[in-house]
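Engineer: Using only what follows, build the 3D model:
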Amino acid sequence: MIARILGERFGFRLVVARDDGAARDFETLPRRKAMLVGNGPTLVRFSRRRRAVRERSPRRTPSRELLDQQENHAGAAAYAAPGMEALDAFAFHGGFALALARAGARVTALDESPAAVRRAQANAALNRLDVEVACVNAFDRLRCLRAAERRFDLIVIDPPALAKRAAPARRRARLQRAQPAQSAPAPTGRRAGHLLVLGFV
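Structural biologist: Just a heads-up that it's a prediction; the model follows:
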């Protein structure tokens, strides 16, 4: 009822329900993702502050990507400058990578999900930005980069919430494997480097 009214009142092509947050478990409510109004392609295109324009499916995208990450992307881009070497670990659909590239940095982005890598590459092409996106485990690649003494001017580390709902034994294993800040290559270069570590657990 409410979804239909929203669609009619504002002319929305799609109204999507994302009742799939972990908080629903505490109230013994089922998690669900559903298309309430509309049909057809679910990829959407949008822009943020005249910067990166991206496409993706609202049924597969965490709401945080559309809301609170906007300020984080802008904040990270403020550290970038033309000619900088930047690394975006756990790039997902490339939000940070696109913001850094838009600011003139040469960006390498990492994500182990083939689907996420394809979307990040498509988003970079959509924006006519040159971003190198590698389909690798970011934790492993960070250790390799550190061992090789690879240097960057700017590093953004924004891993997923690996341990939020995991069982104790699995949580300890994940945290032991992760340690993103300690595994990151040193952010140094022609100018003072920056290491930006966002939400971890």
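Engineer: So the nearest residue to M35 once chain neighbours are set aside: helix, strand or coil?
Structural biologist: Using Cβ to Cβ, 6 or more residues apart in numbering and skipping the chain neighbours, the partner closest in space to M35 is V16 (5.8 Å). For glycine as for every other residue, the C-beta is placed from the backbone atoms N, C-alpha and C. Of the three states, V16 takes strand according to DSSP: H, G, I helix; E, B strand; the rest coil.
Engineer: Is it correct that V16 is in contact with L36?
Structural biologist: Yes. Shown here, V16 and L36 form a contact pair, counting by Cβ atoms under 8 Å, at 6.8 Å.
Engineer: higher neighbour count, those two?
Structural biologist: In terms of neighbours (other Cβ atoms under 10 Å), V16 is the more surrounded of V16 and L36; the figures are 18 against 15.
Engineer: any idea how far the more buried one lies from A122?
Structural biologist: As defined by Cβ to Cβ, to the nearest Å, V16 lies at a distance of 20 Å from A122.
Engineer: How about A78?
Structural biologist: Separation of A78 from A122 (Cβ to Cβ) stands at 26 Å.
Engineer: same thing with A109?
Structural biologist: As it turns out, when the distance is counted by Cβ to Cβ, A109 lies 13 Å from A122.
Engineer: More neighbours: which of the two?
Structural biologist: With other Cβ under 10 Å as the criterion, A109 and A122 differ in neighbour count, and A109 comes out ahead with 30 against 17.
Engineer: Counting residues, name the longest helix you see in the protein.
Structural biologist: With DSSP state H applied, the helix covering the greatest number of residues in the chain is identified as helix 114-126.
Engineer: helices or strands up against that helix?
Structural biologist: With contacts taken as 3 or more Cβ pairs under 8 Å, 6 or more residues apart in numbering; DSSP states H and E, helix 114-126 sits against strand 53-56, helix 95-102, strand 106-111, strand 131-135.
Engineer: buried ones in the third one?
Structural biologist: This means strand 106-111. 106-111 (16 or more other Cβ atoms under 10 Å).
Engineer: who's in contact with it?
Structural biologist: In this structure, residues lying in contact with strand 106-111 by Cβ atoms under 8 Å, 6 or more residues apart in numbering are 83-92, 94, 96-97, 100-101, 117, 120, 130-136, 138, 141-142.
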